[in-house]
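Undergrad: Fold the following.
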Amino acid sequence: MCQDIGDTKRSGLQMDAGRYLIAAHLREGRSISQLARVHGVQGSWLYKLLARYRSEGDAGLAALASAAPVPAAMVPEVDSAVGS
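TA: Just a heads-up that it's a prediction; the model follows:
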């Protein structure tokens with residue numbers, strides 16, 4: 001599961017999991033640490049999601065889910081080694 005909110009390679013399924021966990025925290029009162037432990041994610045990721053949700057609403061989470069994957073740039077030496 002994705003653990004860094006800055007990761008744009010996350011699938012919609014993982015963001016849906018983030019939405020679910022934030023909803024569980026807000027609606028059911030479950031603690032962030034408990035949710036993180038049970039679902040195998042970093043608590044810091046959930047706190048970042050919660051902050052985005054509180055500042056931007058559901059749109060703050062939706063924007064991440066629809067972000068296009070960004071290819072990682074490689075150093076020319078690594079690129080040529082991989083291509084060999």
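Undergrad: from here on, contacts and neighbour counts on C-alpha atoms
TA: Fine.
Undergrad: Flag every buried residue along the host helix or strand of residue 51.
TA: Assigned by DSSP states H and E, residue 51 belongs to helix 43-56. Using 16 or more other CA atoms under 10 Å as the test for burial, helix 43-56 gives 43, 45, 46, 47, 49, 50, 52, 53.
Undergrad: C-alpha coordinates for the longest helix anywhere in the chain, PDB please?
TA: If you go by DSSP state H, the chain has its longest helix at helix 12-28. Only the C-alpha atoms of helix 12-28 are listed here, as PDB (Å, rounded to 0.1, in the frame of the first residue of the first chain):
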ATOM      1  CA  GLY A  12      -7.300   4.700  -7.500                       C
ATOM      2  CA  LEU A  13      -7.700   1.600  -5.300                       C
ATOM      3  CA  GLN A  14      -5.100   2.800  -2.900                       C
ATOM      4  CA  MET A  15      -6.600   6.300  -2.700                       C
ATOM      5  CA  ASP A  16     -10.000   4.700  -2.100                       C
ATOM      6  CA  ALA A  17      -8.300   2.900   0.800                       C
ATOM      7  CA  GLY A  18      -7.100   6.300   2.000                       C
ATOM      8  CA  ARG A  19     -10.600   7.700   1.800                       C
ATOM      9  CA  TYR A  20     -11.900   4.700   3.700                       C
ATOM     10  CA  LEU A  21      -9.400   5.100   6.400                       C
ATOM     11  CA  ILE A  22     -10.000   8.800   6.800                       C
ATOM     12  CA  ALA A  23     -13.800   8.100   6.900                       C
ATOM     13  CA  ALA A  24     -13.200   5.400   9.600                       C
ATOM     14  CA  HIS A  25     -11.300   8.000  11.600                       C
ATOM     15  CA  LEU A  26     -13.900  10.700  11.300                       C
ATOM     16  CA  ARG A  27     -17.100   8.800  11.400                       C
ATOM     17  CA  GLU A  28     -16.200   6.000  13.800                       C
END
